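Peer 1: Kindly return the folded structure for what I paste below:
(4 chains)
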Protein chains: 2
Amino acid sequence: MRPLFHPALEDIRPEAILYALADPERAAIFAWLSGAGCGGTCSALGQLGERVIPKSSLSNHFKVLRESGLILSERQGVEMRNQTRCAELDDRFPGLIKAILTAYGQIPGQPKAD
Amino acid sequence: MRPLFHPALEDIRPEAILYALADPERAAIFAWLSGAGCGGTCSALGQLGERVIPKSSLSNHFKVLRESGLILSERQGVEMRNQTRCAELDDRFPGLIKAILTAYGQIPGQPKAD
DNA sequence: TCCGTAGTTCAGAAATTCGGAACTGTTGAT
DNA sequence: ATCAACAGTTCCGAATTTCTGAACTACGGA
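Peer 2: Now for the predicted structure:
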């Protein structure tokens, strides 16, 4: 398994953030991570809406979130702990993440942090 | 030519907004419209960066922006006047558009409203 | 060592995007 | 009325991207 790539704060690009969160499934995962304190794992999530997300897709979602700079992933034993980089991100793109999560929050049945 | 479709304010979805603005070219067009008062046309734009955007692509960009709810297009004689729906949008998704434009504004050589 | 669990990588099918060429619709000139 | 020019749209094939089942790697117990 290749080492995980995380972009430096200054290399994070707005188009990558928007792309990553333009997928409601990914946005839901991110919202869940934002709410879940820290250390959300792939399998602790399992299913977010009615649909069971295949694990290869799930893995890919986490990769996109990671490489866009939205989350930090760290292997811990057999599992992968994920946490958001919200604080850093808000420093770089003020208000962006919050506005996006708020926007999604207004749609019933869409990503909720919990 | 089919009549132009514009979603009602309440039908505008955050994923559509993010998708539309995740493309830097489209974001640049939108930023340009935001800055250009009102009535930006396809051809008044022509080229935004170094690249000349093919007109079929340009047409498609405007369509995506329109159908996501970001802009309002209206035929005026031979050309198409476009304006943003910023005010409405800020009502529905507070702070979202501004945060996105600000985020892009921080990248040198990226979308600037002008 | 062998098994189970967590997650990644691979590969091919399906879906999407891109853009040149042809087309539509409008205006103005002859 | 006909024609030409212009603004923008639609069509469609090529190239790219996304999705996901299956095979694989990595780690931790027993």
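Peer 1: Next, residue A:54: phi, psi?
Peer 2: In terms of degrees, to the nearest 10, the main-chain angles of residue A:54 are phi -60, psi 150.
Peer 1: Hmm, I typed the wrong one, I wanted residue A:103.
Peer 2: phi -60, psi -50.
Peer 1: Go ahead and confirm it touches residue B:96.
Peer 2: Yes: using C-beta atoms under 8 Å, residue A:103 is in contact with residue B:96, at 5.2 Å. Bear in mind the C-beta positions are built from the backbone N, C-alpha and C, glycine included.
Peer 1: out of these two, which sits in the busier spot?
Peer 2: residue A:103 (26 against 22; other C-beta atoms under 10 Å in any protein chain shown).
Peer 1: element containing the spatially most central residue of chain A?
Peer 2: Geometric centre of chain A, nearest residue: residue A:30, 3.2 Å, by C-alpha atoms, centre = their mean. Residue A:30 belongs to helix A:24-35 when assigned by DSSP states H and E.
Peer 1: hang on, the earlier thing: which residues are in contact with both of residue A:103 and residue B:96?
Peer 2: B:14, B:17 (C-beta atoms under 8 Å, 6 or more residues apart in numbering or on different chains).
Peer 1: Can you tell me what sits against the worst-scoring helix or strand of chain A on mean pLDDT?
Peer 2: When the helices and strands of chain A are scored by mean pLDDT, DSSP states H and E, helix A:42-45 comes last with a mean of 73. With contact meaning C-beta under 8 Å, 6+ apart, helix A:42-45 is reached by A:29, A:32, A:55, A:58-59, A:62, A:79-80, A:82.
Peer 1: ok, back up a step: quick check, the residue nearest to the centre of chain A in contact with residue A:69.
Peer 2: No: if you go by C-beta under 8 Å, residue A:30 and residue A:69 don't touch, sitting 11.6 Å apart.
Peer 1: longest single helix anywhere in chain A?
Peer 2: Taking DSSP state H as the criterion, chain A has its longest helix at helix A:55-68.
Peer 1: For the following helix or strand past that helix, which outside residues touch it?
Peer 2: With elements assigned by DSSP H and E, the helix or strand that comes after helix A:55-68 is strand A:71-76. Strand A:71-76 is touched from outside by A:4, A:6, A:30, A:33, A:39, A:62, A:65-66, A:80-85, with contacts defined as C-beta under 8 Å, 6+ apart.
Peer 1: looking at the residues you listed, which has the most residues close by?
Peer 2: Neighbour max across the contacts of strand A:71-76 (other C-beta under 10 Å) = residue A:30, 30 neighbours.
Peer 1: any idea which of the contacts of strand A:71-76 is least confident?
Peer 2: pLDDT across the contacts of strand A:71-76 is lowest for residue A:39, at 70.
Peer 1: what's it in contact with, if anything?
Peer 2: Neighbours of residue A:39 in contact, by C-beta under 8 Å, 6+ apart: A:76, A:81-83.
Peer 1: likewise residue A:92?
Peer 2: A:9-10, A:12, B:106 are the contacts of residue A:92 under C-beta under 8 Å, 6+ apart.
Peer 1: Counting only helices, which of those residues make the cut?
Peer 2: Among these, no member falls in helices (DSSP H).
Peer 1: out of those residues, who has the most neighbours?
Peer 2: residue A:12 leads those on contacts (other C-beta under 10 Å) with 21 neighbours.
Peer 1: Relative to DNA strand D, how far out is the residue lying closest to it once chain neighbours are set aside?
Peer 2: Spatial nearest neighbour of residue A:12, excluding adjacent residues (C-beta to C-beta, 6 or more residues apart in numbering or on different chains): residue A:69 at 3.5 Å. Counting by C-beta to the nearest atom of the strand, to the nearest Å, the gap from residue A:69 to DNA strand D is 16 Å.
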